[in-house]
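Student: sequence unknown, structure follows:
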């Protein structure tokens with residue numbers, strides 16, 4: 001019984017349980033199968049990564065203040081964060097991994113880094 005590659009249809013030579021003729025075909029097949037389901041995840045991770053880089057760049061000393069305008073000018077998207085932390089006083093910090101921000105008065109934000 002001759003087996004054929006799931007991606008290109010070429011004859012497979014080698015182990016009996018082999019499904020692809022090459023690494024290229026294996027990768028191409030899996031990329032095609034997973035493309036739609038991973039696209040959303042990839043886009044969200046890219047947004048989170050961008051937000052994290054912006055917070056890190058604006059907060060080199062682990063604790064500082066900035067404005068909403070400065071965050072937006074750098075491309076920050078307030079809809080994407082990884083967690084929140086609520087203090088006993090009810091103050092809510094928003095975190096993108098270890099970089100966080102706290103909305104203050106007059107469109108100012110306190111930037112912090114979680115240790």
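Tutor: Yep, that arrived. From a predicted model like this one, the values you see are computed outputs, not experimental measurements.
Student: from here on, contacts and neighbour counts on C-alpha atoms
Tutor: OK.
Student: so which strand or helix has residue 101?
Tutor: Assigned by DSSP states H and E, residue 101 belongs to strand 99-103.
Student: Contacts for that strand, please.
Tutor: The contact list for strand 99-103 (C-alpha atoms under 8 Å, 6 or more residues apart in numbering) reads 52, 55-56, 92-95, 109-114.
Student: do stretch 72-80 as well
Tutor: 44, 47, 48, 50, 51, 54, 96.
Student: which among the residues you listed end up buried?
Tutor: For these, a burial check counting by 16 or more other C-alpha atoms under 10 Å picks out 47, 48, 50, 51, 54, 96.
Student: per-residue confidence for the spatially most central residue of the chain?
Tutor: With distances taken as C-alpha atoms, centre = their mean, residue 45 lies nearest the centre of the chain, 1.5 Å away. Per-residue pLDDT puts residue 45 at 92.
Student: do you know how far it is from residue 39?
Tutor: Taking C-alpha to C-alpha, to the nearest Å as the criterion, residue 45 is separated from residue 39 by 10 Å.
Student: What of residue 21?
Tutor: Taking C-alpha to C-alpha, one finds residue 21 at 27 Å from residue 39.
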